[in-house]
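Visitor: quick one: sequence plus predicted model below, questions after.
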Amino acid sequence: MKTVGDKVLISPDLTHLPDWIEGTVIEVENNPFVGVVISAETEDGNVFFGKEDLFKPQNRKVCLP
């Protein structure tokens with residue numbers, strides 16, 4: 001299960017873009033009708049929300065100098 005602050009990739013099914021994009025989880029809701037709903041914000045301030053399966057963990061690590 002994802003938690004607030006997790007870095008995720010957001011599905012093109014939500015964004016209507018050709019590729020998965022990066023975002024940060026801002027809310028996790030346990031909706032009694034559809035299950036877990038995730039809200040994630042992109043770096044440019046767009047917010048996308050949907051079922052948990054439309055978000056996947058971002059496993060890439062960034063090396064800083």
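Guide: That came through fine. Numbering: from 1, shown residues only.

Visitor: quick check: mean pLDDT of stretch 18-29?
Guide: The average of the pLDDT scores along stretch 18-29 is 95.

Visitor: buried residues in that stretch?
Guide: By 16 or more other CB atoms under 10 Å, the buried positions in stretch 18-29 come out as 20-21, 23, 25, 28. Just so you know, the C-beta spots here come from the backbone N, C-alpha and C atoms, and that holds for glycine as well.

Visitor: just the residues you listed now: which is nearest Phe48?
Guide: Distance to Phe48 across the buried residues of stretch 18-29 (CB to CB) is lowest for Gly23, with 6.8 Å.

Visitor: before we move on, what SS does the closest one have?
Guide: Of the three states, Gly23 takes strand under DSSP: H, G, I helix; E, B strand; the rest coil.

Visitor: residues touching it, list them.
Guide: 7-10, 40-43, 48, 55 (CB atoms under 8 Å, 6 or more residues apart in numbering).

Visitor: flag the shaky bits of the chain, pLDDT-wise.
Guide: Scanning the chain for pLDDT under 70 picks out 1, 60-65.

Visitor: okay, helices next: where are they in it?
Guide: Assigned by DSSP state H, the helices in the chain fall at 12-15.

Visitor: returning to that earlier point: out of the buried residues of stretch 18-29, who's nearest Val36?
Guide: For the buried residues of stretch 18-29, the nearest to Val36 is Val28 (6.6 Å; CB to CB).
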